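Undergrad: sequence plus predicted model, see below.
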2 protein chains.
Amino acid sequence: MRRFAMSRKVTISDLARKLNISPSTVSRALAGKPGVSAELRQKVQNLAKEMDYVPNVAAKSLKTKKTKTIGLIISDIRNPFFLDVMRGVESVLFPRGYKFIVCSVNENLEREAVYLNWLMEHGVEGILASPLTTVSGKHNGNLYRKVARFGIPVVFYDRLINGIGDFDSVVLDNETAIADGVFYLRRKGHKKIGICLARRGLYTIEERYKGFKKAVELLQIETRPEWIIEGKHPMYSSFEKLKKLFSSEERPTAIISTNHPMTRSILRAAKSCGLRIPEDISVLGFDDLIENELMSPPITTIRQPVMEIGRIAVTLLLGRIDGEKESPSSIKLKAELIERESVKTLVE
Amino acid sequence: MRRFAMSRKVTISDLARKLNISPSTVSRALAGKPGVSAELRQKVQNLAKEMDYVPNVAAKSLKTKKTKTIGLIISDIRNPFFLDVMRGVESVLFPRGYKFIVCSVNENLEREAVYLNWLMEHGVEGILASPLTTVSGKHNGNLYRKVARFGIPVVFYDRLINGIGDFDSVVLDNETAIADGVFYLRRKGHKKIGICLARRGLYTIEERYKGFKKAVELLQIETRPEWIIEGKHPMYSSFEKLKKLFSSEERPTAIISTNHPMTRSILRAAKSCGLRIPEDISVLGFDDLIENELMSPPITTIRQPVMEIGRIAVTLLLGRIDGEKESPSSIKLKAELIERESVKTLVE
DNA sequence: TTGTACGCGTTATCAT
DNA sequence: ATGATAACGCGTACAA
């Protein structure tokens, strides 16, 4: 099989020349557009395969403005939450021929900005984003607006930016999720409940905290400032505070987590303090990975429908890409409480 | 601040016209190339910012053949292994201004082929791949070769394709990893050892199996066909076989896992059979996620340097992209045995 | 230092 | 049904 050494890539014009027809006909034939006889089309397609023709997306998108690519902005790649989001996203993107660029911004505003600019330059057709807000309330809202003005639809998932309502979004009903958790604990007889806020400022965490406060007030449950553990930058590091709390006599009977890494911290801290679960302290986890089931004891947890979030968000996005003009939809999904064995039933 | 309604995107020519200079000068000014006076350059850059100029990568790459993008082929997105690979990859890509497209082929040959073609069309500058081989020995070797001929460098990570040596690669020294595990178990007094092969045919798994057989023979350790558990399609599903093995009186004293999902299956099966670890059976895990540490007991495991694999692979790739012409390097990394509490010390 | 002219590979428009 | 031509936005060799 002879083949040009390390030659120039074969283009539509090469095919055209070889067949003594015009490039436009080749283009039509390959694109499956009308206006080419069936036989000619066949010949073209055969030759294309034979000559290893590979279409050039850059040239194509210069003309059509389509790249069949979207951007996926992830707030912290270390959180396995996003693995499931990616699965959900991928499952609808692949069949439609879309690719995605992963942008892990690591809770860093500048990185988010850099990536947004890259995505614009790259010509992605849409962006799925879990946007960042710092403790001091800073965010890239204006940049997101610029992206939208630039003609690139954006869908927020998992998180929102406060005061920016003109985007589609898919998030968990965070308040209710935690409130339901508190109700559950109360039903199990718990009246002293603490909570671990993975990181102040984050949309999800603040929402969950709101739910906690509301429920606690409603049920007139005791809680104390020392029982509200706040994570700090970097995430995953409220370990020491937890140990201190767990060593104290004044600890609550149950503690609620607000995301998966935080659940891990809680378990680790309990372990290192020699506390048994649920005998010495009850734990209500957040997020549900397989490991929760494997633990001893298995962890009772608040499960969010993660793949669903990804799937719905990307479906919304593709709708916009296809020209959907409705006003923005704000979707809130319900969490589910998975009962296992990390919460003790207290006698009243 | 007046701004054109929903106007055409601003291009280099727009900037040029506004400043009464030529597009080429604008191009040079923006690209930081010599041949423009400092003041003019400033003026251009200011105007660019003011007018929200966004460079068009498609047009640029049509000229330069550079997209600042690579493809990352992942064999199964459900395996958290790849989260760490992505972290490693990202950590060296981001500072260099490269983006990456994630392609999860889900152990499916056709999907791998589809993605490879997309990546070629898309004009990625390089591809990082964990290539697939089926039980029957099929693989996309020829397609990978075509990609290479097409001028796109490929680096294999985690897995290789048998008989295809003309690519750079970064993999674990799988044989030694498992062999060392066997030695370790033997030192702890174990003489009846089983192994769980996550899925036959996969490069990594077969290599690990080789290491097992060699070590077992060398040490003259007893093993039986029933103690070699084989996963089947779909992955993660040798659960029933494990339960059968664990319920039998004839079970080994220790069992070795060959990847993370398999470790989970083992633990789950042991649990459902009421076996205590390590009293009733010792478990040597493979891969190390945080959860291993949180388990009761914490899992002794073979840890591969996952982020390193990603980091080295992408570094190799960027080298090729930069024109490195050396002959392919095959890098093998060593695993590390993390001793925790899931392996019992047997009296001799 | 700056401008002119062309081409990258493709598609869309208009003509035949 | 097919062909000719222009245009997408940018970089670059060459000219000035």
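TA: Okay, I see it. Residues are numbered from 1 along each chain as shown, chains lettered A, B, ... in the order given.

Undergrad: hmm, stretch A:285-295 touching chain B?
TA: Yes: Stretch A:285-295 is in contact with chain B by Cβ under 8 Å from any Cβ of the partner chain, via A:289, A:290, A:291, A:293, A:294, A:295. Every C-beta, even on glycine, is put in place using the N, C-alpha and C of the backbone.

Undergrad: show the pLDDT at the fourth one.
TA: In other words, residue A:293. pLDDT, residue A:293: 91.

Undergrad: check which helix or strand it maps to.
TA: helix A:290-294 (DSSP states H and E).

Undergrad: in that helix, which residues are buried?
TA: A:290, A:291, A:292, A:293, A:294 (16 or more other Cβ atoms under 10 Å in any protein chain shown).

Undergrad: what's the local residue count around residue A:169?
TA: 23 (other Cβ atoms under 10 Å in any protein chain shown).

Undergrad: right, is stretch A:119-129 up against DNA strand C?
TA: No: using Cβ under 7 Å from any atom of the strand, stretch A:119-129 stays clear of DNA strand C, coming no nearer than 13.2 Å.

Undergrad: write out the residues of the stretch 151-300 of chain A neighbouring chain B.
TA: A:151, A:264, A:267, A:268, A:271, A:289, A:290, A:291, A:293, A:294, A:295, A:296.

Undergrad: list just the nearest of the residues of stretch A:285-295 next to chain B to residue A:127.
TA: residue A:289 (26.7 Å; Cβ to Cβ).

Undergrad: quick check: phi and psi at the spatially closest residue to the closest one that is not a sequence neighbour.
TA: Of all residues not flanking residue A:289 in the chain, residue A:80 sits nearest, at 5.9 Å (Cβ to Cβ, 6 or more residues apart in numbering or on different chains). Residue A:80 adopts backbone torsions of phi -60, psi -10, taken as degrees, to the nearest 10.

Undergrad: surely residue A:80 touches residue B:83?
TA: Yes: contact criterion Cβ atoms under 8 Å: residue A:80 and residue B:83 qualify, at 6.5 Å.

Undergrad: and the helices in the stretch 1-150 of chain A?
TA: A:12-19, A:23-31, A:38-50, A:57-64, A:81-93, A:109-122, A:141-149 (DSSP state H, counting those that start in this stretch).

Undergrad: ignore the last one, the stretch 151-300 of chain A
TA: Using DSSP H, counting those that start in this stretch, helices in the stretch 151-300 of chain A cover A:174-187, A:203-219, A:239-247, A:260-272, A:290-294.

Undergrad: elements contacting the longest one?
TA: Yep, that's helix A:203-219 we're talking about. strand A:168-172, helix A:174-187, strand A:193-197 (3 or more Cβ pairs under 8 Å, 6 or more residues apart in numbering or on different chains; DSSP states H and E).

Undergrad: report the angle between the axes of the second one and strand A:193-197?
TA: Right, helix A:174-187. 150 degrees (axes from the mean of the first three to the mean of the last three Cα atoms, to 10 degrees).

Undergrad: may I see the buried residues of helix A:174-187?
TA: Applying 16+ other Cβ under 10 Å to helix A:174-187 flags A:174, A:175, A:176, A:177, A:178, A:179, A:180, A:181, A:182, A:184, A:185, A:186 as buried.

Undergrad: can you list the residues of the stretch 51-200 of chain A near DNA strand D?
TA: Residues of the stretch 51-200 of chain A lying near DNA strand D (Cβ under 7 Å from any atom of the strand): A:59, A:62, A:63.

Undergrad: any idea how far residue B:308 is from the second one?
TA: When distances are taken as Cβ to Cβ, to the nearest Å, residue A:62 and residue B:308 turn out to be 39 Å apart.

Undergrad: now swap in the first one and tell me
TA: Applying Cβ to Cβ, one obtains 38 Å for the distance of residue A:59 from residue B:308.

Undergrad: can you check the last one too?
TA: For residue A:63, the distance to residue B:308 equals 43 Å [Cβ to Cβ].

Undergrad: looking at the two, which has the bigger crowd around it?
TA: Using other Cβ under 10 Å, the more surrounded residue of residue A:63 and residue B:308 is residue B:308, with 16 against 8.

Undergrad: pretty sure that one sits against residue B:333.
TA: Yes: Residue B:308 is within contact range of residue B:333, at 6.2 Å (criterion: Cβ under 8 Å).

Undergrad: low-confidence bits of the stretch 151-300 of chain A, can you list those?
TA: By pLDDT under 70, the low-scoring segments of the stretch 151-300 of chain A are A:232-237.

Undergrad: for DNA strand D, what's its nearest residue on it.
TA: DNA strand D sits closest to residue A:151 of the stretch 151-300 of chain A, with a gap of 11.1 Å, by Cβ to the nearest atom of the strand.

Undergrad: what's the neighbour count on that residue?
TA: By other Cβ under 10 Å, 11 other residues sit near residue A:151.
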